[in-house]
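Undergrad: Here is the input, now give the coordinates:
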Amino acid sequence: MPAVSDLSYDAWVKHAFGPPVRPHGYPWFFDEDPPWWDPQPPVAMDYLTRLFSTTERSLAGFSDAQIAQGFRYLLSTSASGDNGWFYSTAAPTEVRLRCIEAIENVFADLFARRCTTVLGHVDEPGAAPLNSVCYMWWDEFPCLALPNDPDCDLLQRAAIDVMRRTLRLDAIACQEAALHGLGHWARYRPNDVAAAVDEFLGDGRVRRAELVSYARSARCGCVL
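TA: Below you'll find the predicted structure:
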């Protein structure tokens, strides 16, 4: 089946989040010949920015399980997230930057409200359908910029700033997700990561011992 590239925004949302979640087996986008979305990078950035900025409204008609599946389809590098939309310089830097900054809304407006207060890195029971995609968000997120991109530093700092602001949310799942992401970035931006983690640990709020330990591990890049 040919790639899908000419969808309106509303049709694209239905395409990505509308398929039912199968109780057993692979999701639809791992079928032998699925209709994957394959737009030009500027269109991808436009649609993803609109989605991130209006998550609750755009996804109001879908179950949490469908939303989790749709985000995996769009963003996981094992699925269509490996298409290079984010690092393509075909989209202007300011457009890519707005898309990254809009991710903050996904955590504040969706994950903080719908994820249960359990920790993924210790496999606590009771996770909701969105907990896993929240926890793995930055681990599976597409590459933001290639090393030869003159704006690589700007885009990476923008992502870390989103993680830093996410740590301020009063939601354990979101805090853990941000720490998970920071832990994977510590090797490349140790000073930025250390500053974000230290701010989190030093803000005076009482935290679960497991989360404090995970934050210290993230500071030195010791996360899986």
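Undergrad: Give me the number of neighbouring residues for the residue lying closest to residue 102 once chain neighbours are set aside.
TA: Spatial nearest neighbour of residue 102, excluding adjacent residues (Cβ to Cβ, 6 or more residues apart in numbering): residue 52 at 3.7 Å. The way it works is simple: take the backbone N, C-alpha and C, and place the C-beta from them, glycine included. When neighbours are counted by other Cβ atoms under 10 Å, residue 52 registers 21.
Undergrad: From residue 159, how far out is residue 52?
TA: Distance from residue 52 to residue 159, counting by Cβ to Cβ, to the nearest Å: 13 Å.
Undergrad: Residue ranges in the protein under the pLDDT threshold?
TA: 1-2 (pLDDT under 70).
Undergrad: which residues sit in contact with the residue nearest to the spatial centre of it?
TA: Among the residues of the chain, residue 137 comes closest to the average C-alpha position under Cα atoms, centre = their mean, at 3.5 Å. When contacts are counted by Cβ atoms under 8 Å, 6 or more residues apart in numbering, residue 137 is found next to 71, 75, 103, 106, 107, 177, 180, 181.
Undergrad: repeat for residue 121
TA: Going by Cβ under 8 Å, 6+ apart, the list of residues near residue 121 reads 135, 176, 180, 210, 214, 223, 224.
Undergrad: of the residues you listed, buried ones?
TA: Among these, the ones that count as buried by 16 or more other Cβ atoms under 10 Å are 135, 176, 180, 214, 223.
Undergrad: right, and residue 59 touches residue 10 too?
TA: No - if you go by Cβ atoms under 8 Å, residue 59 and residue 10 don't touch, sitting 11.7 Å apart.
Undergrad: So between these two, which is more surrounded?
TA: residue 59 (21 against 9).
Undergrad: Backbone dihedrals for that one, please?
TA: Dihedral angles of residue 59 (phi, psi; degrees, to the nearest 10) stand at phi -110, psi 20.
Undergrad: And for residue 89?
TA: Main-chain dihedrals, residue 89, degrees, to the nearest 10: phi -80, psi 0.
Undergrad: Would you confirm that residue 180 contacts residue 221?
TA: No - here residue 180 lies out of contact with residue 221, judged by Cβ under 8 Å, at a distance of 11.3 Å.
Undergrad: element containing residue 134, please.
TA: Using DSSP states H and E, residue 134 sits in helix 131-135.
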